[in-house]
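In: Take a look and give me a structure for this.
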Amino acid sequence: MSQDFTFTVSSVAFDEHYRPADNTRTTTNFANLARGERRRENLRNALTMIENRFNSLAHWDNPTGDRYAVELEIITGDVQVGAEASETRFPAIEVLKTTIVDRQAGVRIPGMVGNNFSSYVRDYDFSVRLAEHNRDRAAFGIPEGFGDLHGTLFRRFIDSEAYRSIAGKPPVICLSVSSSKQYRRTDNHHPVLGVEYVNDDASLTDFYFGKMGLEARYFMPPNGVAPLAFYFAGDLLTDYTTLELISAISTMETFQKIYRPEIYNANSPAGQCYRPSLEHADYSLTRVVYDREERSQLGIEQGKFAEEHFITPYRHVFERWSAKDTVDQPRNKVAFS
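Out: Residues are numbered from 1 along each chain as shown. Predicted coordinates for the structure are as follows:
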């Protein structure tokens, strides 16, 4: 691996006592919950939702629906650029690591690593660079090399000894489906992931995560109301255990119910052909309070922070990375409209 950069990891428990670190993106799902006067109540309610959903999916040998607890850790991957003596590190990536506690057996079981995904560089790409590129354009387009730096950072992090010290498998990232695309239900049904949906026109997020070496599949879990987008490397259905998959679903479906209730807490499930919409009016609210408009505004601020403190100062190093990067990147050839 190039000596131009090194990765280190740190972790902090995500529980009702969690307080975001100074270098944590404020728009991150878990950080946004831990703000304001109701922070502890928000966290407690969200964690209860995760645990209840886990037990509803892991229902075998679980007659009272409380066999399992789910513990979460926020994993931060910091990158140090260059070989200088500087100790400055930039918080490049944050993911969630789950641990499953089997109360009946008295054992702790590794869950999914990934789940949520947080990145200042992604804020820069989407909230700053993409916006500037399209400011005076008649038709939407993406700038040349869009996502290349972020893709390199992510793939190098996953290949690093730092990541391997906390996970034995590649991460699985679970996000909302795109509100600009239509999804079609298939006959494929997985016992835990649920019914599979497909789309014929990949989203910009699919394209972006393709640069990270990840592909997408869309499943609506049992008793869910909308498909989730799973981004992974390898084989989603065979590389991960049933409990690992359940830990990802229960964690990220909970976040989506809180942040996109119009889609994931709708009062009727997705049909054969499904187009998600944040304008949907028939939905229920959770007991967790957040400010979605504030999150959008902060995305711009945090993108500019990445530009000022990471991308601009080390642009010459990133150009060398691109020249030396021999990792094959999946190329999404979809034209965006």
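
In: Could you use CA atoms for every contact and neighbour count after this?
Out: Noted.

In: I'd say residue 256 and residue 176 touch.
Out: Yes - here residue 256 reaches residue 176: they are 6.9 Å apart, a contact under Cα atoms under 8 Å.

In: How are the helices of the chain distributed by residue range?
Out: Listed in chain order, the helices of the chain (DSSP state H) span 29-33, 39-57, 120-123, 130-133, 148-159, 161-164, 204-211, 242-259, 261-264, 292-306, 315-324.

In: In a markdown table, list the ones you listed along with mean pLDDT.
Out: Below are the helices of the chain laid out as a markdown table (pLDDT from 0 to 100):
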| stretch | mean pLDDT |
| --- | --- |
| helix 29-33 | 62 |
| helix 39-57 | 93 |
| helix 120-123 | 90 |
| helix 130-133 | 92 |
| helix 148-159 | 92 |
| helix 161-164 | 95 |
| helix 204-211 | 94 |
| helix 242-259 | 96 |
| helix 261-264 | 95 |
| helix 292-306 | 75 |
| helix 315-324 | 74 |
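
In: Kindly present those as TSV, with separate columns for mean neighbour count and distance to residue 79.
Out: Compiled in TSV, the helices of the chain are given as follows (neighbours: other Cα atoms under 10 Å; distance: least, Cα to Cα, whole Å):
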stretch	mean neighbour count	distance to residue 79
helix 29-33	22	20
helix 39-57	20	29
helix 120-123	25	12
helix 130-133	15	24
helix 148-159	19	9
helix 161-164	16	10
helix 204-211	21	19
helix 242-259	23	26
helix 261-264	24	34
helix 292-306	16	13
helix 315-324	13	13
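
In: so what's residue 171 closest to, chain neighbours aside?
Out: Nearest non-adjacent residue to residue 171, counting by Cα to Cα, 6 or more residues apart in numbering: residue 114, 4.5 Å away.

In: mind listing what the one you found touches?
Out: By Cα atoms under 8 Å, 6 or more residues apart in numbering, the contact set of residue 114 is 95, 96, 97, 171, 172, 173, 174.

In: Let me see the contact set for the residue nearest to residue 277 when sequence neighbours are not counted.
Out: Closest residue to residue 277 apart from its sequence neighbours, by Cα to Cα, 6+ apart: residue 179 at 5.3 Å. Shown in contact with residue 179 (Cα under 8 Å, 6+ apart): 275, 276, 277, 278.

In: Next, the distance between the ends of stretch 120-138.
Out: End-to-end distance of stretch 120-138: 28 Å, with Cα to Cα, to the nearest Å as the criterion.

In: I would like the residues contacting that stretch, please.
Out: Contacts of stretch 120-138 with the rest of the structure, by Cα under 8 Å, 6+ apart, involve 25, 91-93, 140-143, 146-147, 150, 299-300, 302-307.

In: ok, now stretch 95-111?
Out: Under Cα under 8 Å, 6+ apart, the answer for stretch 95-111 is 67-76, 112-118, 243-245, 247-248.

In: Out of the contacts of residue 179, which end up buried?
Out: Buried residues within those, counting neighbours by 16 or more other Cα atoms under 10 Å: 275, 276.

In: what would the helices of the chain look like in CSV with distance to residue 234?
Out: Formatted as CSV, the helices of the chain follow (distance: least, Cα to Cα, whole Å):
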stretch, distance to residue 234
helix 29-33, 26
helix 39-57, 24
helix 120-123, 23
helix 130-133, 29
helix 148-159, 13
helix 161-164, 16
helix 204-211, 13
helix 242-259, 14
helix 261-264, 27
helix 292-306, 30
helix 315-324, 24
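
In: To residue 224, which of those lies closest?
Out: With Cα to Cα, the closest approach to residue 224 among the helices of the chain belongs to helix 261-264: 7.6 Å.

In: what packs against the closest one?
Out: With contacts defined as 3 or more Cα pairs under 8 Å, 6 or more residues apart in numbering; DSSP states H and E, the packing partners of helix 261-264 are helix 242-259.

In: from the middle of its chain, how far away would the helix it packs on be?
Out: Computed by Cα atoms, centre = their mean, to the nearest Å, the chain-centroid distance of helix 242-259 equals 11 Å.

In: and it with helix 39-57, angle?
Out: 140 degrees (axes from the mean of the first three to the mean of the last three Cα atoms, to 10 degrees).
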